[in-house]
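In: Here's a sequence, model it:
(one chain, ligands or ions: 2)
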Amino acid sequence: MATYSRLPGSVALITLQNPPVNALSAAVRQGIVDTVQRALKDPKVTSVVICGQNGKFCGGADIREFAGPMLGPPLVPMIHAIEAVDKPVAAAIEGVALGGGLELALGCHYRIAHSKALLGLPEVTLGLLPGAGGSQRLPRLIGLTAALDLITTGRHISAAEALKLGILDQVTDNNVVDQAVEFVRRVAGQPLDSRRLSTLPCPPDVDSLLDKAMVKVRQRSRGALAPVACVQALMAAASLPYTQGMEKERELLTTLFNSGQARALQYAFFSQRVVGKWSLPSGASWDNSAARPISKAAVIGLGTMGRGIVVALALTGISVVAVETQEKQLAEASQAVPAMLQREAGRRGLATPPGVISFSSNLQDVSEVELVIEAVFEDMSLKLQVFRHLTSVCRPGTLLCSNTSGLDIDQLAAVTQSPGLVVGMHFFAPAHVMKLLEVVYGPRSSPEAVATAMQLGKRMGKVSVAVGNCPGFVGNRMLKPYLEQANFLLEEGATPQQVDEALEEFGFPMGVFRMSDLSGLDVGWRIRKEAGLTGPGVESTRTRQGRRYSPLPDQVCEAGRLGQKTGRGWYQYDGPGGRVARSDPWVHIFLEAYRAEHDLVARSIAPEEILERCLYALINEGFNILQDAMAAGPEDIDAIYVFGYGWPRHHGGPMFHAGQVGLGRILERLQHHHHNHPDVPHLKPSTLLRRLVAVGSPPVQKWREFINKERVHSQL
Ligand SMILES: CCCCCCC[C@H](O)CC(=O)SCCNC(=O)CCNC(=O)[C@H](O)C(C)(C)COP(=O)([O-])OP(=O)([O-])OC[C@H]1O[C@@H](n2cnc3c(N)ncnc32)[C@H](O)[C@@H]1OP(=O)([O-])[O-]
Ligand SMILES: NC(=O)c1ccc[n+]([C@@H]2O[C@H](COP(=O)([O-])OP(=O)(O)OC[C@H]3O[C@@H](n4cnc5c(N)ncnc54)[C@H](O)[C@@H]3O)[C@@H](O)[C@H]2O)c1
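Out: Ligands and ions are numbered 1, 2, ... in the order given. Here you go, the predicted model:
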């Protein structure tokens, strides 16, 4: 709703009230319509200020309402009515003015903001465009170039930047409502025509800026519809009168609304928030477990991961003891880490990085910290040695965390004095940039340890997801069948390019082989060697532990091709460290020789089969993970894949995608592929998937409840 009050003198104050972000629900829109009418009719009122309750102007349209029929007064005529008022109307912006919130402010004649406010049109991130006149009013106010940037990226900008761009009329450090009231009193009686943005001309697109932008956006968006529609809306603003521009805006918005992509992106928005409300099978959860404050931490091992973790902690204001035993690595890290920190702090607009880092080669130096993150090589015996050492050096009560990619957290906990204080904190490379953090709880991890790691992740700006302790946890466990299928497809006749192109066409920033070359092929090779999978073995080369196995990636590594770092892998590069992947005749000859050696007849494989085999195998493992209670719900898996594995956000995440494709279809295709490849257990449909199909394929939002019920009745 919205409340109305008349301040002493002649200013009407309209306050939006819909906690927590004053989203423009039907009740708020009705409240605005009614109160604006009241201000218009009140002869004693000469000007109006619109503000939001509890220090937040408005977070935009109420996204929850998008799922059902739109009720209440529509936004567009409501904003037009405000713009048409013949008394000055100012938006007093505190906290946020996002999406429809900023569009409401653009309909006001003046905009005054607090210096800490954030403004933006983030609709594109929800699969939409600013559909309440934002795509038509903003370019009229700040020009096409700046509007294009804000609308196609959806980025939030500071009040200072908004003032510079001309979106705001005034920025204040004081009470913004008081300032706005003073402002409108001052301008009362002045002509308003030039303040009505819809009546101003839009600058024409003289340099074909928008055509160029369209080409770029199409390349960058990898199948996402909204960025393209945003540019089309701006093209309409630049070339059509306002009314026709608005018609185009509505037409484009309707198309987007009806697309699966908007539903996927809105689901992704809510899943990001759902995972923050974590719960463990033990009943411990975000609202009944207290986190400890952390101000001093240590990182052990300053390789690729350790360096990024130190930077991420220091950016949060935590003092970090950074320990590395190799002299050369320590010397390199003590040069590289401060430079990384400075760069990242600059990128985030911080003059000086808040945290203090001290470097050491001595594990004894971590004795005073409250939390340790171990990031030494992925080697269980080494990690056990480090954990034994840590438990004897650290104060009782210190949280001991491991950045392992998939080793058993419980085994590490077992060698410490307080197993309850051991959790996994699985970062993703580069650790100071990537948004995902898997917080791995073992059977003995205490709720306090989980809560502390989850909160620390949040402080570092990560999307933290609590996951159970199983080999590979959630993300890497699902990656295994995906990679496996990609290798099998090569054996059967596909090329790395064909597999990568199919996945990139789907929306991944990089296909599986380009990604493997980037990460380094030796990472997986080392893990497979440790698991005893490589080499001659007792079974045939293409069978391990009774299942189909592809030695192709091992043989590529044996040929000294470790990916970008050696300039050769599944592709060739200009040299070691090269970035541009080019098809390599060596790989094609190698694949032909391999197929000949194993009597495999290459067949032509359609992109649809590539997608089904890779994605459905990954999705099937997701169902197994839910069945094993290693993830609390599908949202957790989807957030992991969107934020850590480049799953295209406009497909929501693997589990959401399964729902969109249709669970019956996924089941039928898995059965088909498993029938053709009975020696590939990952293609065998999971019991949970079968159960969901049997009960009529409920929507993804209902799975959590279904799984819990099935568990109670021991069906899973
Ligand atoms: C025919 C139709 C015509 C339509 C016309 C189109 C209009 C327009 O162009 C479209 C839009 O405005 S699209 C909208 C464009 N706007 C945006 O994209 C802004 C989206 N919001 C944000 O980016 C962040 O929430 C803030 C930065 C506002 C606050 O961040 P923070 O302080 O870290 O807090 P937090 O944890 O993030 O959120 C707290 C709680 O609020 C909830 N909630 C939040 N916004 C909501 C909304 N709009 N709605 C509903 N709920 C919303 C959130 O789910 C959470 O709920 P929970 O139950 O407690 O979990
Ligand atoms: N590289 C990735 O993409 C990635 C992603 C997520 C998790 N991880 C995990 O993070 C951990 C580290 O991986 P990385 O890629 O940073 O490895 P890395 O080889 O780059 O670095 C490991 C560092 O640990 C140091 N080290 C070894 N023993 C030590 C000890 N006893 N005390 C202090 N330092 C010691 C090494 O000298 C080396 O500098 C592994 O468990 C790995 O599985 C890696």
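In: C-alpha from now on. contacts and neighbour counts both.
Out: Noted.
In: tally of neighbours for residue 559?
Out: Residue 559 has 11 neighbouring residues, counting by other Cα atoms under 10 Å.
In: swap in the one 4 residues further on?
Out: The burial count assigned to residue 563 is 29, neighbours taken as other Cα under 10 Å.
In: Residue 687 too?
Out: 15.
In: how far away is it from ligand 1?
Out: 31 Å (Cα to the nearest ligand atom, to the nearest Å).
In: Quick check, pLDDT for that residue.
Out: Looking at residue 687, its pLDDT reads 96.
In: likewise the one 10 residues further on?
Out: The predicted structure scores residue 697 at 98 on the pLDDT scale.
In: ok, it - contacts?
Out: 659, 662-664 (Cα atoms under 8 Å, 6 or more residues apart in numbering).
In: what kind of secondary structure is the residue of the stretch 251-400 of the chain found nearest ligand 1 in?
Out: Per Cα to the nearest ligand atom, residue 273 is where the stretch 251-400 of the chain lies closest to ligand 1, at 5.2 Å. Assigned with DSSP: H, G, I helix; E, B strand; the rest coil, residue 273 falls in the helix class.
In: In terms of secondary structure, what does the host helix or strand of residue 590 contact?
Out: Here residue 590 sits within helix 585-597, counting by DSSP states H and E. On a contact count with 3 or more Cα pairs under 8 Å, 6 or more residues apart in numbering; DSSP states H and E, helix 585-597 meets helix 475-492.
In: Could you tell me the angle between the helix it packs on and helix 585-597?
Out: Counting by axes from the mean of the first three to the mean of the last three Cα atoms, to 10 degrees, helix 475-492 lies at 70 degrees to helix 585-597.
In: now helix 475-492: how far from the chain's centre is it?
Out: Centre-to-centre, helix 475-492 and its host chain are 23 Å apart (Cα atoms, centre = their mean, to the nearest Å).
In: if we can go back for a sec, what is the nearest of the contacts of residue 697 to ligand 1?
Out: Closest to ligand 1, out of all of the contacts of residue 697 and judged by Cα to the nearest ligand atom, is residue 659, at 21.5 Å.
In: Quickly find the element holding that closest one.
Out: Using DSSP H and E, residue 659 falls in helix 654-661.
In: Could I get the buried residue list for that helix?
Out: Of all the residues in helix 654-661, those buried under the rule 16 or more other Cα atoms under 10 Å are 654-660.
In: among the contacts of residue 697, who's most crowded?
Out: Counting neighbours by other Cα under 10 Å, residue 663 leads the contacts of residue 697 with 22 neighbours.
In: who's in contact with that residue?
Out: Residue 663 touches 689, 692-693, 697, counting by Cα under 8 Å, 6+ apart.
In: now, the most widely separated pair of the residues you listed?
Out: Within the contacts of residue 663, two members stand farthest from each other by Cα to Cα: 689 and 697, at 8.8 Å.
In: So which residues on this structure come close to ligand 1?
Out: 20-21, 23, 59-64, 98-100, 122-123, 130-132, 270, 273 (Cα under 6 Å from any ligand atom).
In: Return a PyMOL selection command for the buried portion of the residues you listed.
Out: Buried residues within the residues of the chain next to ligand 1, by 16+ other Cα under 10 Å, are selected in PyMOL with:
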select buried, resi 21+23+59+60+61+62+63+98+99+100+122+123+130+131+132
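In: Before we go further, residue 111 is sitting in a strand, right?
Out: Yes: the assignment for residue 111 is a strand, going by three-state DSSP.
In: all helices for the stretch 251-400 of the chain, in order.
Out: Remark: helices assigned in the stretch 251-400 of the chain by DSSP state H, counting those that start in this stretch are 260-274, 304-315, 327-347, 380-393.
In: Please identify the deepest-packed of these.
Out: Of all those, helix 304-315 carries the top mean neighbour count, a mean of 25, counting by mean count of other Cα atoms under 10 Å.
In: now it, how far from the chain's geometric center?
Out: Distance, centroid of helix 304-315 to centroid of chain: 19 Å (Cα atoms, centre = their mean).
In: which residues sit in contact with residue 44?
Out: Residue 44 makes contact with residue 10 under the criterion Cα under 8 Å, 6+ apart.
In: circling back to that earlier point, can you tell me which of the contacts of residue 663 are in strands?
Out: Using DSSP state E, no member of these falls in strands.
In: ok, so of these, who is nearest residue 200?
Out: The closest of those to residue 200 turns out to be residue 697 (Cα to Cα; 51.5 Å).
In: Now the closest one: phi and psi?
Out: Phi and psi for residue 697, reported as degrees, to the nearest 10, are phi 50, psi 70.
In: That one and residue 457, how far apart?
Out: 34 Å (Cα to Cα, to the nearest Å).
In: Where does the residue positioned nearest the centre of the chain fall, secondary structure wise?
Out: What sits nearest the mean C-alpha location of the chain, by Cα atoms, centre = their mean, is residue 643, with 3.8 Å. Per DSSP H and E, residue 643 falls inside helix 634-644.
In: That helix and ligand 2, any residue contact?
Out: No: Helix 634-644 is not in contact with ligand 2 by Cα under 6 Å from any ligand atom; minimum separation 10.2 Å.
In: Counting neighbours, what do you get for residue 623?
Out: 23.
In: And for residue 275?
Out: 24.
In: just residue 542 next, same as before
Out: Neighbours of residue 542 (other Cα under 10 Å): 14.
In: which non-adjacent residue is nearest it?
Out: residue 549 (4.8 Å; Cα to Cα, 6 or more residues apart in numbering).
In: Surely that neighbour touches residue 540?
Out: No: using Cα atoms under 8 Å as the test, residue 549 is too far from residue 540 to be in contact (9.3 Å).
In: between the host helix or strand of residue 250 and helix 260-274, how big is the angle?
Out: Per DSSP H and E, residue 250 falls inside helix 242-257. With the same axes, to 10 degrees defining the directions, helix 242-257 sits at 70 degrees from helix 260-274.
In: Tell me who's in contact with the residue of the stretch 251-400 of the chain closest to ligand 1.
Out: Residue 273 makes contact with no residue under the criterion Cα under 8 Å, 6+ apart.
In: quick revisit: can you list which of the residues of the chain next to ligand 1 are found in strands?
Out: Using DSSP E, those in strands are residue 98.
In: need the contact list for residue 670.
Out: 616-617, 683-685.
In: How about the closest residue to ligand 1 within the stretch 501-650 of the chain, nearest residue that isn't a chain neighbour?
Out: Residue nearest to ligand 1 within the stretch 501-650 of the chain: residue 635 (12.9 Å; Cα to the nearest ligand atom). Among residues not flanking residue 635 along the chain, residue 271 sits closest, at 4.9 Å (Cα to Cα, 6+ apart).
In: one step back: ok, which pair from the contacts of residue 670 is furthest apart?
Out: 616 and 684 (10.4 Å).
In: okay, those two: which has more neighbours?
Out: Per other Cα under 10 Å, whichever of residue 616 and residue 684 has more neighbours is residue 616, with 27 against 20.
In: what separates the residue nearest to residue 635 from residue 173, distance-wise?
Out: Relative to residue 173, and taking Cα to Cα, residue 271 is found at 35 Å.
In: Might you enumerate the residues of this protein proximal to ligand 2?
Out: 300-306, 323-326, 329, 375-378, 386, 403-405, 426-429.
In: Show the buried residues in these.
Out: 300-303, 305-306, 323-324, 375-376, 378, 386, 403-405, 426-429.
In: Just the ones in strands from the residues you listed, please.
Out: Using DSSP E, these in strands are 300, 323, 426-427.
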